[in-house]
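Asks: model this:
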Amino acid sequence: METPKEYYYTYYSYEEWGRGYIGSRGCECLPEEDIRYFGSYSDKTFHPTEKIILGIYETREEAIAAEIILHNFYDVANNPHFVNKAKQTSTKFSYIVPREEAIKNGKKSYELGLGVHGLTPEQRRKNSSKSGKIGGKITANKNKKEKKGIFGLTTEQRVENGKIAGKRNYELGVGVHSRTKEQMSEDGKKGSARAKELCVGIFGMTPEEKSAAGKKAKELGVGIFGLSPEQRSENSKKGGKIGGKIGGNTNKKNKTGVCGRTKEQMNEDGKKGGKKSKELGLGFHALTKEERSEIGKRQKELELGIHGLTKEQRSENGRKGAKKVCAQKWECTETGYIANPGNLSKYQKKRGIDTSKRSRIL
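Replies: As a prediction, this is how the structure comes out:
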């Protein structure tokens, strides 16, 4: 008869939001099937309901050696979170559960709905998440106390490491850099809405805390404070273009804002806006001749607007503009005479008619 294979593993059993126990185990079934066993503890007040497999090994010696490392790392004999009364110090002992016994115990638990079988898939996932948080918190507290890992670094070193890691992720296209702009935008919206709902992050901070965080960022030269004026200007332009494009596409899709108006309505709005600006002396109408001249010179120096066009482009734009204007048809509201804008002006002036008395019909 073939000898059953033996499996050796280390585990962490725990009470939900309570204490925990770290041990090693040998069984003739797969470790994940050994669900009845929660440890050889002697504390009668300890009632674990969950167990996490920490590692699987080829021999009992390897499993116990790993258990010794875990016991020493978490100082289980003195740490109040653990019910272990002593640390494992020898690799010469291990208890092997017969395969038949483990399977029998597992089936019994399944039939009675005990242990992990008494939980829904959602509860199992939730408990697994909680145990991860508990284990992470224990490790973090120990590292913080002994100034190990990230806690052994200065704030400046952490910031520098973050920059290096971010740059590396960008080069390799991993993490957030592996996602499209659309995906990141959608993730950002969801994350922001969730954070606002839970009042966490910036939404959980008082105005004073936000101010203090901003001052700290300025001191360390991180975030926007780590950028040069040129970089900030460039980022602002990019942000404006992206935001404008997203807003424009949304309005175009939903036919809202300017995209919900006809050409005639926009033309009329432009006239009203220009007339109102002139009355109030706003925008271009608020400038003196000297200021307008100065702006024109500045645009010429920077080759902006019309000054950024070649002679050919200007000529082409002029032809298009003239063609567009000449194609328009306007009617004199006094006589009903119809012509293009230029000829109608000549007609009205010749007859002493106010040139504003017209309406566009084409």
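
Asks: By mean pLDDT, flag the weakest helix or strand of this structure.
Replies: Every helix and strand of the chain was ranked by mean pLDDT, DSSP states H and E. The lowest is strand 96-97, at a mean of 46.

Asks: Give the rounded mean pLDDT of stretch 212-221.
Replies: Mean pLDDT, taken over the full extent of stretch 212-221, equals 83.

Asks: Then stretch 126-142?
Replies: For stretch 126-142, mean pLDDT is 64.

Asks: for residue 22, what are its contacts?
Replies: Contacts for residue 22 (CB atoms under 8 Å, 6 or more residues apart in numbering) come out as 10-12, 54, 67, 70-71, 74, 76, 82, 84. Glycine gets a C-beta too; all of them are placed from N, C-alpha and C.

Asks: again, 7 Å this time
Replies: 12, 67, 70-71, 74, 76, 82, 84 (CB atoms under 7 Å, 6 or more residues apart in numbering).

Asks: Need the phi and psi values for it.
Replies: phi -110, psi 130 (degrees, to the nearest 10).

Asks: Just the local confidence number for it, please.
Replies: 93.

Asks: What's opposite it in the beta bridge?
Replies: Taking DSSP bridges, one obtains residue 12 as the residues bridged to residue 22.

Asks: now, which of the contacts of residue 22 lie within strands?
Replies: Among the contacts of residue 22, DSSP state E puts residue 12 in strands.

Asks: Which two among the contacts of residue 22 are spaced furthest apart?
Replies: 67 and 82 (12.4 Å; CB to CB).

Asks: Comparing these two, which residue is more hemmed in?
Replies: The neighbour count for residue 67 versus residue 82, taken as other CB atoms under 10 Å, is higher for residue 67 (26 against 21).

Asks: need the contact list for the more buried one.
Replies: Going by CB under 7 Å, 6+ apart, residue 67 touches 10, 22-24, 88.

Asks: And the helices in the protein?
Replies: With helices called from DSSP state H, the chain shows them at 60-74, 99-112, 121-146, 155-172, 181-198, 207-220, 229-254, 263-280, 289-302, 311-326, 341-350.
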